[in-house]
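*Asks:* please work out how this folds:
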Amino acid sequence: MVSEPASYAGAQIRLVAVDMDGTLLDDEKNFPPGLDELLDQLEERGIVFVPASGRQVWSLIDMFPERPGLTFIGENGAIVMRDGREISSAPLDLATVRESVRLVRQHTLPRPGTTAVREQAGEDAHEGCLRDNFDGGLVVCGKNCAYVERTDEGFLAAVTPYYVRTQCVDDLMEVIDDIEQERIDEAIIKLAVHSAGDFTAFADATLGRFAHSHQFAISAANWADLQARGVDKGRALRELQDYLGVTPGQTVVFGDAGNDLSMIAQAEFSFAMENASADVRAAARFLAPSNNEAGVVQVLRALLAE
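*Replies:* Numbering: from 1, shown residues only. Here you go, the predicted model:
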């Protein structure tokens, strides 16, 4: 049952961190009615509103073009930006990036335009490693841009809404070489895999191989992410709280999926959406109406009315 406003009355909030997909956005990826007015009210009261997402930080900035001073937690906490400036970031080691590229190549279908890459994958692969033939792909997420070598229309249609700055390349290994040799000013902060088919098996066979040594999470339907160990939305929020001098008791968080759990732990006023997964509902102190009912707006209006 959705929490009654009386149950969280009296909150003296200074910071609001909100997941995007499945939380602030409805199932059609639309903003809730009344959001602009609400953001104006938060700004007037000096309350910091922070979109926190697995999306690329540049995609988040692009979604709020009329609000250049916002703070953003992007790439599941791997980068935090405020007023267009980086506050913190956490690079991923390039050895893991290389091995992830190799694993994804091994476990995905050959595609037109990727002949050279597939030949290289075949040379690196052990016998039988291509037997899975998953319909998936890898996004190598840099601070400045996302890089992909799968360029078919279907895959790019899944990628570009979340990664507005995306560069198609012939060989991801060459991008890694350029970063390593400092030929380009870039750092890899996250890896993401997407599959329209047997997603769980594909994620386990690729990025899931590093779950013991890195931060691995299912971030959305058909998406999984890998970052440096300890890097998540919760750590990013904690760093932002320290930066702003805000306590967990002054923080409100909204989320719906597993990659929001660490963030929920950083706020006394933690809300799971009514549509949230069971583990998120169990972890949060309160339950908000669903993303399709503008739950975030409803709760924040009630909090501001106090």
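*Asks:* and L24, what does it touch?
*Replies:* 18, 31-32, 35, 51, 254, 291, 296 (Cβ atoms under 8 Å, 6 or more residues apart in numbering). C-beta: built from backbone N, CA, C; applies to glycine.
*Asks:* kindly indicate the member of those with the most neighbours.
*Replies:* In terms of neighbours by other Cβ atoms under 10 Å, the contacts of L24 top out with F254 at 30 neighbours.
*Asks:* secondary structure class for that one?
*Replies:* Secondary structure, DSSP: H, G, I helix; E, B strand; the rest coil: F254 is strand.
*Asks:* hmm, N275 and it touching each other?
*Replies:* No - using Cβ atoms under 8 Å, F254 is not in contact with N275; the gap is 11.5 Å.
*Asks:* tell me which of the contacts of L24 fall in helices.
*Replies:* Members of those lying in helices (criterion: DSSP state H): 35, 296.
*Asks:* out of the contacts of L24, which comes closest to D170?
*Replies:* Using Cβ to Cβ, P51 is the member of the contacts of L24 that lies nearest D170, at 33.2 Å.
*Asks:* surely G234 touches N259?
*Replies:* No - contact criterion Cβ under 8 Å: G234 and N259 do not qualify, at 9.7 Å.
*Asks:* higher neighbour count, those two?
*Replies:* Neighbour totals were compared for G234 and N259, and N259 leads with 26 against 23 (other Cβ under 10 Å).
*Asks:* shaky segments in the stretch 101-250 of the chain?
*Replies:* 111-132 (pLDDT under 70).
*Asks:* now do the strands in it.
*Replies:* Using DSSP state E, counting those that start in this stretch, the strands assigned to the stretch 101-250 of the chain run over residues 136-142, 146-148, 166-168, 188-195, 215-220, 223-227.
*Asks:* quick one, phi/psi of S277?
*Replies:* Phi and psi for S277, reported as degrees, to the nearest 10, are phi -70, psi 160.
*Asks:* excluding chain neighbours, what is closest to it?
*Replies:* Setting aside the residues directly before and after it, S277 is nearest to A257 in space (Cβ to Cβ, 6 or more residues apart in numbering), at 5.9 Å.
*Asks:* list the contacts of the one you found.
*Replies:* Going by Cβ under 8 Å, 6+ apart, A257 touches 19, 22, 218-220, 276-277, 280.
*Asks:* any chance of these in TSV, with distance to P110 and neighbour count too?
*Replies:* Formatted as TSV, the contacts of A257 follow (distance: Cβ to Cβ, whole Å; neighbours: other Cβ atoms under 10 Å):
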residue	distance to P110	neighbour count
D19	36	31
G22	33	22
I218	26	18
S219	27	23
A220	27	22
A276	38	28
S277	35	18
V280	38	25
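*Asks:* tell me the one of those nearest E174?
*Replies:* E174 lies nearest to S219 out of these, by Cβ to Cβ, at 26.7 Å.
*Asks:* one step back: got CSV for the contacts of A257, with distance to F286 too?
*Replies:* Shown next, in CSV, are those (distance: Cβ to Cβ, whole Å):
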residue, distance to F286
D19, 15
G22, 17
I218, 23
S219, 23
A220, 23
A276, 11
S277, 16
V280, 12
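*Asks:* dump stretch 296-303 to PDB, restricted to CA.
*Replies:* Output of stretch 296-303 as PDB, limited to C-alpha atoms (Å, rounded to 0.1, in the frame of the first residue of the first chain):
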ATOM      1  CA  VAL A 296       7.700  11.300  -7.600                       C
ATOM      2  CA  VAL A 297       5.700  14.500  -8.200                       C
ATOM      3  CA  GLN A 298       2.900  13.400  -5.800                       C
ATOM      4  CA  VAL A 299       5.300  12.700  -2.900                       C
ATOM      5  CA  LEU A 300       7.400  15.800  -3.400                       C
ATOM      6  CA  ARG A 301       4.300  18.000  -3.500                       C
ATOM      7  CA  ALA A 302       3.200  16.500  -0.200                       C
ATOM      8  CA  LEU A 303       6.600  17.100   1.300                       C
END
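*Asks:* ok, and what's touching that stretch?
*Replies:* Identification of contacts with stretch 296-303 by Cβ under 8 Å, 6+ apart yields 5, 8, 11, 13, 16, 18, 23-24, 32-35, 38, 42, 252, 254, 269, 271, 286, 288-289.
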